[in-house]
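Participant: please work out how this folds:
(one chain, ligands or ions: 1)
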Amino acid sequence: GSLIAYAEANAFNGSKGHIAHADAVASNDDRRIASSEQVPKKKKVVLLGTGWGGMSFLKSLNNTNFEVQVVSPRNFFVFTPLLPSVTCGKVEARSIVEPIRNIIRKKNVNISYSEAECVKIDPNNKKIYCRATIDSHSKGEEVFAVDYDYLIIAVGAQVNTFNTPGVMENCHFLKEIDDAQKIRKNVIDSFEKASLPNLSDEERKKILHFVVVGGGPTGVEFAAELHDFVNEDVVKLYPNVQDLVKITLLEATDHILNMFDKRITNFAEQKFGRDGIDVKLGSMVTGINENEISTKVRGNGEKTSTPYGMALWSTGIGPRPLIKEFMKQIGQGNRRALATDEWLRVEGFGNIYALGDCATVNQRKVMEDISEIFRKADKDNSGTLTVKEFQEIIDDICERYPQVELYLQNKQVRNMVDLLKEAKGDAAKESMELNIEEFKSALSEVDSQMKNLPATAQVANQQGAYLAKCFNRMEECEKNPEGPPRFRGTGRHRFHPFRYRHLGQFAPLGGEQTAAQLPGDWVSIGHSEQWLWYSVYASKQVSWRTRALVVSDWIRRFIFGRDTSGI
Ligand code: FAD
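Facilitator: Down below sits the predicted model:
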């Protein structure tokens with residue numbers, strides 16, 4: 001009986017080698033049964049998602065002691081930063097996707113893939129329930145269960161419409177490869193439609209009014225791409241309608257590209273002004289139907305309705321239904337993303353990890369712990385510590401909470417941190433007294449601004465690689481559970497916490513100009529940054545295949561212009 005159970009367990013885990021082994025054992029003697037039972041069962045890791053977080057985990061995992069099952073509704077990875085380039089034909093859709101099986105086949109780890117979406121997580125029984133997504137026939141019918149020892153949730157997020165009426169039905173989104181292809185087709189169709197002979201100029205204008213809702217990096221890049229397309233290709237191909245094109249960018253706050261440095265924001269707004277892109281700041285979309293988009297001006301409440309031809313909704317992200325449901329189930333119902341600790345474990349679960357856009361490291365405890373460290377250090381209750389004591393405490397805090405290093409780059413605490421750095425090794429300066437409260441309140445000010453890591457590919461990519469490293473070292477750490485001396489006796493996890501390294505960000509602004517904001521507030525805007533952008537994105541491709549395709553698309557566009565066939 002135990003033998004059958006053993007074979008079944010392995011069959012469920014999809015390990016053919018083990019089943020064959022168990023069969024052989026069944027027809028032989030007891031001695032061999034004993035030997036088969038000693039074969040340690042591989043721990044099963046189930047990974048949800050083949051986006052940035054999932055792909056990066058798979059690429060970095062090399063521990064052959066795990067059996068990995070990947071579950072994702074799409075069997076490919078998408079290089080999302082180049083999605084806006086697909087919308088107007090600068091880059092082909094196929095050039096920025098990599099089949100997940102190409103990534104898996106290069107690994108010596110036992111990895112299988114199922115094209116399905118996870119519909120429910122049952123943490124108590126260590127099971128997930130999935131539904132095949134391959135064709136409409138099987139959709140909704142076949143729900144199957146998968147067991148796990150470790151679950152890694154990297155399902156990303158979905159678009160957020162803020163329940164604005166009409167958005168789902170009438171707007172385009174730019175999240176997946178299909179979205180980019182649909183937009184591309186729609187853009188070309190708009191020009192063809194507007195070129196038909198039986199239309200009035202008024203109708204043509206409506207068709208060629210492109211509205212972008214949301215002045216974040218995606219909305220801004222799409223507006224810039226569209227403007228380039230009109231300037232570089234439409235003038236040659238659709239000369240009769242080029243003057244009727246209008247691009248409007250609606251942003252609810254006071255500026256576009258809010259997450260960038262002021263200098264970039266100002267430059268982008270001025271450049272768009274010069275390019276004729278109508279940037280409407282403080283403009284909130286209140287509803288949209290198939291003909292008009294309604295807005296309200298923040299402040300004076302003035303309402304307007306404008307006819308439009310095509311609208312792109314790009315205002316941010318929210319949790320997927322699976323994550324919303326799971327958060328409710330585990331008492332995190334009031335959050336916008338799954339809360340994890342600094343080791344990316346979902347709070348309260350040692351074997352469930354979450355990363356990328358669906359998760360956020362919960363920093364609530366960090367400030368409490370920092371306060372406690374300062375309270376203990378201030379033995380005489382004077383409210384002050386010497387510079388030297390401060391230096392030691394900050395080194396200790398950064399070691400425990402690497403994310404604090406990010407805080408320390410912030411303007412509020414910069415003066416104090418600079419002072420500490422300058423004083424290093426200078427006995428006179430090191431004995432100076434500093435006020436604890438002043439530092440703590442500056443730090444908590446920063447804390448409130450930096451609650452979450454940004455939802456970017458950079459974060460998801462680093463988290464995936466970090467988690468794979470933890471899994472690569474899992475046995476070694478299990479043999480030595482005490483871990484490195486600094487965690488001994490603290491009850492903390494045995495791996496170093498996740499440390500995010502911000503490598504900078506780009507905002508392509510069209511006309512072969514890009515704004516680059518690199519670490520240390522280094523800001524640079526212009527044509528040479530566009531070349532930097534090309535080289536960074538070429539180097540970041542996940543395979544030589546996609547790298548070759550993307551570079552050849554860029555070259556093709558330089559020589560022949562964009563492909564404007566509406567397919
Ligand atoms: P995703 O990459 O979205 O992957 C999620 C995966 O989970 C997908 O494979 C999906 O099919 C799968 N999935 C969904 N539901 C389920 C389910 N129920 N069960 C199983 N699997 C599921 N970031 C940058 O750093 N730089 C940029 O320049 C940049 N540009 C961007 C441009 C655009 C147009 C967009 C949309 C995003 C951009 N981002 C950029 C953000 C970046 O793409 C995301 O932060 C990143 O993709 C998050 O990675 P992830 O692994 O969490 O999710």
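Participant: quick check: longest strand of this structure.
Facilitator: In the chain, ranked by residue count with DSSP state E as the criterion, the top strand is strand 110-122.
Participant: note down every partner strand of that strand and its orientation.
Facilitator: For strand 110-122, the pairing partners within the sheet under DSSP bridges are strand 66-72 (parallel), strand 127-132 (antiparallel).
Participant: which residues does the residue in the stretch 51-200 of the chain that the ligand sits nearest to contact?
Facilitator: Of all residues in the stretch 51-200 of the chain, G51 sits closest to the ligand, at 1.7 Å by C-beta to the nearest ligand atom. In this view, the C-beta of every residue, glycine as well, is placed from N, C-alpha and C. For G51, the contacting residues are F77, V78, T80, A154, V155, G156, G356, A460, by C-beta atoms under 8 Å, 6 or more residues apart in numbering.
Participant: the same query, at a cut-off of 10 Å, please.
Facilitator: 72, 74, 77-78, 80, 154-157, 176, 356-358, 457, 460-461, 464 (C-beta atoms under 10 Å, 6 or more residues apart in numbering).
Participant: same deal with Y113?
Facilitator: Y113 touches 47, 50, 58, 68-72, 75, 99-101, 103-104, counting by C-beta under 10 Å, 6+ apart.
Participant: got a winner among those residues for most neighbours?
Facilitator: Counting neighbours by other C-beta atoms under 10 Å, T50 leads the contacts of Y113 with 29 neighbours.
Participant: quick one: end-to-end distance for stretch 499-509.
Facilitator: 31 Å (C-alpha to C-alpha, to the nearest Å).
Participant: which parts of that stretch are buried?
Facilitator: Y500, H502, Q505, F506, A507, P508, L509 (16 or more other C-beta atoms under 10 Å).
Participant: looking at these, which is nearest K246?
Facilitator: Within those, the smallest distance to K246 is 18.6 Å, found for L509 (C-beta to C-beta).
Participant: packing partners for whichever helix or strand the closest one is part of?
Facilitator: Counting by DSSP states H and E, the element that carries L509 is strand 505-510. With contacts defined as 3 or more C-beta pairs under 10 Å, 6 or more residues apart in numbering; DSSP states H and E, the packing partners of strand 505-510 are helix 217-229, helix 262-275, strand 513-518, strand 522-526, helix 527-539.
Participant: what angle do strand 522-526 and that strand make with each other?
Facilitator: 20 degrees (axes from the mean of the first three to the mean of the last three C-alpha atoms, to 10 degrees).
Participant: those residues of the stretch 51-200 of the chain touching the ligand, which are they?
Facilitator: 51-54, 71-74, 80-81, 83-84, 117-118, 154-156, 174-175 (C-beta under 6 Å from any ligand atom).
Participant: how about the stretch 201-350 of the chain?
Facilitator: Residues of the stretch 201-350 of the chain lying near the ligand (C-beta under 6 Å from any ligand atom): T218, R320, L322.
Participant: so the residue of the stretch 51-200 of the chain closest to the ligand versus G356, what's the distance?
Facilitator: Distance from G51 to G356, counting by C-beta to C-beta, to the nearest Å: 7 Å.
Participant: need the overlap of contacts for those two.
Facilitator: By C-beta under 10 Å, 6+ apart, the residues touching both G51 and G356 are A154, V155, G156, A157, A457, A460, N461, G464.
Participant: picking up where we left off before, want to throw the contacts of Y113 into JSON lines with pLDDT?
Facilitator: Listed next are the contacts of Y113 as JSON lines, based on pLDDT from 0 to 100:
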{"residue": "L47", "pLDDT": "98"}
{"residue": "T50", "pLDDT": "98"}
{"residue": "L58", "pLDDT": "97"}
{"residue": "V68", "pLDDT": "97"}
{"residue": "Q69", "pLDDT": "97"}
{"residue": "V70", "pLDDT": "98"}
{"residue": "V71", "pLDDT": "98"}
{"residue": "S72", "pLDDT": "97"}
{"residue": "N75", "pLDDT": "96"}
{"residue": "P99", "pLDDT": "97"}
{"residue": "I100", "pLDDT": "96"}
{"residue": "R101", "pLDDT": "96"}
{"residue": "I103", "pLDDT": "94"}
{"residue": "I104", "pLDDT": "94"}
